[in-house]
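Student: Following is a predicted model, sequence given first.
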Amino acid sequence: MAVAKGRVLNQIRQRRTQAGLTQQDFANLVGATRQTILAIEAEKYAPSLELAFRMARALSVPFETLFQFEEEAEGPRS
Amino acid sequence: MTLTENMTLTEKRAGLSLVIAIAIFAYLASNMIDGWSIPDQDARHIWRTWLFVLGFGTVGEGAVSVWASYLRKRGALEDERDEQIVARADRLGLMVGFCAISVLIWQILLQATYPTPAPWTLNIQHLPTLFFVLMAVLFLCHGVKQVMILVLGRLS
């Protein structure tokens, strides 16, 4: 059975700005580069599970609040 | 914010490595090529060129590594995204190398099959040509890898 494709969405930008952190501050907190934070916020890069947990912990929010998984709707069957 | 401030350590390394590779390749080409052809050269000249290329490459890449470790001590990071980008660039460099070597093999086989090969084929039996082509393939793989690191760093 084929599994529908999906994408990982996140609330990092909103939560980070609410916490008053710059991208560089947040990058330093989680041990990543500012460019990685930028790519994750733009949803161009999906972080590893470890980095995702570090981010949730750094922002003091539950993992599933910070990240959501959206399944793409399946196209019409031929 | 300047361009270099916007680059990760991995991208800066790739940029420097690319500049060094281009400079060394220019040295190699100036030693091996005359106009659009590769003239006859004695083995001693080829040995010397190879040793200089190897030496310049080792010194250049060594200097880049020392500079990178200095930046790491000052807090610059190479994280999981950088590792992923380098791995993808590595794969592409390898693929380009595989294609280039395949073309070379195809040229060798073509020359072995036909006694008078077409004028557009490389004369692989000519030692300076073979040397230059093999070195060019190495530089091509390295160059593609560095360019891909820079491109993927911007796009992904």
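Tutor: The structure has been received and is ready for your questions. Numbering: from 1, shown residues only, chains lettered A, B, ... in the order given.

Student: From now on I want contacts and neighbour counts done on CA atoms only, so please keep to that.
Tutor: Will do.

Student: Those residues of chain A touching chain B, which are they?
Tutor: With C-alpha under 8 Å from any C-alpha of the partner chain as the criterion, chain A meets chain B at residues A:Gly31, A:Ala32, A:Thr33, A:Gln35, A:Thr36, A:Ala39, A:Lys44, A:Tyr45, A:Pro47, A:Ser48.

Student: Is residue 24 within a helix or a strand, and which one?
Tutor: If you meant another chain, say so; for now it's chain A. Using DSSP states H and E, A:Gln24 sits within helix A:23-30.

Student: Chain B, not that one
Tutor: Assigned by DSSP H and E, B:Ile24 falls within helix B:9-32.

Student: elements contacting whatever helix or strand comes next after that helix?
Tutor: Next helix or strand after helix B:9-32 toward the C-terminus (DSSP H and E): helix B:43-73. Counting by 3 or more C-alpha pairs under 8 Å, 6 or more residues apart in numbering or on different chains; DSSP states H and E, the packing neighbours recorded for helix B:43-73 are helix B:9-32.

Student: Any buried residues in the helix it packs on, and which?
Tutor: B:9-15, B:17-18, B:20-21, B:24-25, B:28-29, B:31-32 (16 or more other C-alpha atoms under 10 Å in any protein chain shown).

Student: just how off-centre is that helix within its chain?
Tutor: 7 Å (C-alpha atoms, centre = their mean, to the nearest Å).

Student: do the same with stretch A:33-47
Tutor: 8 Å.

Student: Chain B against chain A: which residues are in contact?
Tutor: B:Asn6, B:Met7, B:Thr8, B:Leu77, B:Glu78, B:Asp79, B:Glu80, B:Arg81, B:Ser156.

Student: Just the buried ones from those residues?
Tutor: Among the residues of chain B next to chain A, those classed as buried by 16+ other C-alpha under 10 Å are B:Met7, B:Thr8, B:Leu77, B:Glu78, B:Asp79, B:Glu80, B:Arg81, B:Ser156.

Student: pLDDT and secondary structure added to those residues, as a markdown table?
Tutor: Below are those laid out as a markdown table (pLDDT from 0 to 100; DSSP: H, G, I helix; E, B strand; the rest coil):
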| residue | pLDDT | secondary structure |
| --- | --- | --- |
| B:Met7 | 89 | coil |
| B:Thr8 | 91 | coil |
| B:Leu77 | 86 | coil |
| B:Glu78 | 89 | coil |
| B:Asp79 | 91 | coil |
| B:Glu80 | 94 | helix |
| B:Arg81 | 94 | helix |
| B:Ser156 | 75 | coil |
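
Student: Can you pick out the most distant pair from these?
Tutor: The two members of those with the most space between them (C-alpha to C-alpha) are B:Leu77 and B:Ser156, at 17.3 Å.

Student: Please work out how many residues are found near A:Val3.
Tutor: Neighbours of A:Val3 under the rule other C-alpha atoms under 10 Å in any protein chain shown: 7.

Student: try the one 10 residues further on
Tutor: A:Arg13 is surrounded by 18 other residues when neighbours are defined as other C-alpha under 10 Å.

Student: show me what contacts it?
Tutor: A:Glu41 (C-alpha atoms under 8 Å, 6 or more residues apart in numbering or on different chains).

Student: Just the pLDDT at it, thanks.
Tutor: The model reports A:Arg13 with a pLDDT of 95.

Student: And it, which helix or strand is it part of?
Tutor: Under the criterion of DSSP H and E, A:Arg13 resides in helix A:12-18.
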